[in-house]
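# What shape does this take:
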Amino acid sequence: MDRYNKITEKNPREIVLLKAFPCAWGRCRFCDYIDDNSRDEEAMIRLNRQVLANVTGELGVLEVIDSASCFELPKQTLADIRDIVKAKNIHRLFFESHWIYRHRLDEMREYFGCPITYKIGVETFDNDFRENYLNKHADFTSPEEVARWFDSPCIMVGIKGQTKEMIARDVEILKKYFRLGTVNVYTDNTTDVKRDEELVQWFAKEYAWLKDDPSVEVLYENTDFGVGD
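Numbering: from 1, shown residues only. As a prediction, the model looks like this:
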């Protein structure tokens, strides 16, 4: 499992994949990332310290991800991250959070004392598909509502049941309402949500221009950020 990498193309930053407690929601239909969760706090703290020891601060920006939300990281790990932010002169953090924590985002900003770019796994702005099929438990009704709280949504493409129109609308919303965003091309995993290969091929051709868009990162594999398994 690779847990540290340097991203040098779009939005240069160091990135770490840490261990966290189980996701507070943990029932998204498509997600088996929660297998990386743990309840052994001491072991998580030890592992996270080993991963964080790789951070140099040379890019001034650090992204911290885990298989839940940043709010599920052990308190000691948060303290360790804060120490690194100060020691390595990091001037911006990237964190990811579930929608249910939207009212607590400023807690992290105050704790770390530096700007935080918040990502959120939206998956799609099609409310019916997101809530009734993907079971995301993110009951916003408009992109403006998401943009009120979060800086950078992650959308997912290439799922059986999606349509070209849904994807086109999601990309349009991403570009219209947000400064940054990520597109995750779905890869089959242990869940019953399946990849639509024809839709993936259409997306790759239709949206090839996103490769040159500095504000959108497209992940064709789960490990394209250089972390994960």
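# May I have the phi/psi pair for Glu96?
With angles defined as degrees, to the nearest 10, Glu96 sits at phi -120, psi 140.
# Give the partner strands of the helix or strand hosting Cys154 in its sheet and their orientations.
Per DSSP states H and E: Cys154 is located in strand 152-157. Using DSSP bridges, strand 152-157 pairs in its sheet with strand 116-123 (parallel), strand 181-185 (parallel).
# Tabulate those strands (TSV), appending mean pLDDT, mean neighbour count and distance to Leu52.
All C-beta atoms are positioned from the backbone trio N, CA, C, and that covers glycine. Shown next, in TSV, are the strands paired with strand 152-157 (pLDDT from 0 to 100; neighbours: other CB atoms under 10 Å; distance: least, CB to CB, whole Å):
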stretch	mean pLDDT	mean neighbour count	distance to Leu52
strand 116-123	98	22	17
strand 181-185	98	21	23
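# average pLDDT for stretch 35-45?
Mean pLDDT, stretch 35-45: 92.
# CA-only coordinates of that stretch in CSV, if you can.
Taking Å, rounded to 0.1, in the frame of the first residue of the first chain, the C-alpha atoms of stretch 35-45 are listed here in CSV:
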residue,chain,number,x,y,z
ASP,A,35,-11.8,-1.7,4.5
ASP,A,36,-8.8,0.5,5.3
ASN,A,37,-10.5,1.8,8.4
SER,A,38,-9.4,0.7,11.9
ARG,A,39,-10.4,0.9,15.5
ASP,A,40,-6.8,0.3,16.8
GLU,A,41,-6.0,3.9,17.7
GLU,A,42,-2.4,3.3,18.8
ALA,A,43,-1.6,1.3,15.6
MET,A,44,-3.1,4.0,13.5
ILE,A,45,-1.1,6.7,15.2
